[in-house]
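*Asks:* Please work out how this folds:
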Amino acid sequence: MLSPRTAVPLTLLLVAVSLGQRARKPPASPSPISKIQPKANFDTAQFAGTWLLVAVASSCRFLQEQGHRAEATAVHMAPQGPAMAVSTLRKLDGACWRVQQLYRHTQVPGRFLLQARGARGPVDVVVGDTDYRTFAVLYMERARRLLVKLYARSLPVDEAALTAFEQRVQDAALPEEHIVFFPTYGFCETVDQFHVLDSE
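*Replies:* Residues are numbered from 1 along each chain as shown. Below is the predicted model of the structure:
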């Protein structure tokens, strides 16, 4: 049996060790998008031009509940050095809007950072797959929530592109019922100066 003199320092030591263990946090798990490999030898010049949004897969509750209100969306990509200027045209409350963004260059071709407004922080963007001519699969992550998007140069989209997209969604551990398909008609072509939003 320990004497009172020995017991007190031993108790203090155990408390200190316990507090030290409690203070240490387990290492954070890698974000979902960090595991996504971008398109090999990604070329911004080839990727430039207009893309039509075909489908989005996400566990976002808002998207699931409001997916029926999705509007036809076109995106124009223009290289700015290794970065990309992105102009999105879509309808909001019946009016055509243009949203301008900059996908900032990172050290990895095909991986970008969007400094979007809002409390949830920046958006990581990865071009996961594209043949540059017909389809592209993009990943976006904000606050550790992953979206997978399918774009096409023209509609209807090729069946092989749909299959590739569905496989990517499955690989991202998103169920098939979380895919929302966007309208294939009603795209905005022009926007007046009062309906341009610069998100930077």
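
*Asks:* Count the neighbours of the nearest residue to residue 82 once chain neighbours are set aside for me.
*Replies:* Nearest residue to residue 82, sequence neighbours excluded (C-beta to C-beta, 6 or more residues apart in numbering): residue 105, at 3.9 Å. Bear in mind the C-beta positions are built from the backbone N, C-alpha and C, glycine included. Using other C-beta atoms under 10 Å, residue 105 has 17 other residues around it.

*Asks:* How about the one residue sitting closest to the centre of the chain: which residues does it bridge to?
*Replies:* What sits nearest the mean C-alpha location of the chain, by C-alpha atoms, centre = their mean, is residue 140, with 0.7 Å. Counting by DSSP bridges, residue 140 is bridged to residue 125, residue 147.

*Asks:* one step back: for the residue nearest to residue 82, list the residues it contacts.
*Replies:* 81, 82, 83, 112 (C-beta atoms under 8 Å, 6 or more residues apart in numbering).

*Asks:* from those, which is closest to residue 54?
*Replies:* For the contacts of residue 105, the minimum distance to residue 54 (C-beta to C-beta) is 20.2 Å, reached by residue 112.

*Asks:* so what's that closest one up against?
*Replies:* 83, 84, 103, 104, 105, 106, 124, 125, 126.

*Asks:* Name the nearest of those residues relative to residue 153.
*Replies:* residue 84 (16.2 Å).

*Asks:* Now name the helix or strand holding that closest one.
*Replies:* strand 83-92 (DSSP states H and E).

*Asks:* Mind checking the pLDDT average for that strand?
*Replies:* Averaging the model's pLDDT scores along strand 83-92 yields 94.

*Asks:* Which positions within the helix or strand following that strand qualify as buried?
*Replies:* Proceeding N to C from strand 83-92, the next assigned helix or strand is strand 95-105, under DSSP H and E. Residues of strand 95-105 classed as buried: 96, 97, 98, 99, 101, 102, 103, 104, 105 (neighbour count, 16 or more other C-beta atoms under 10 Å).
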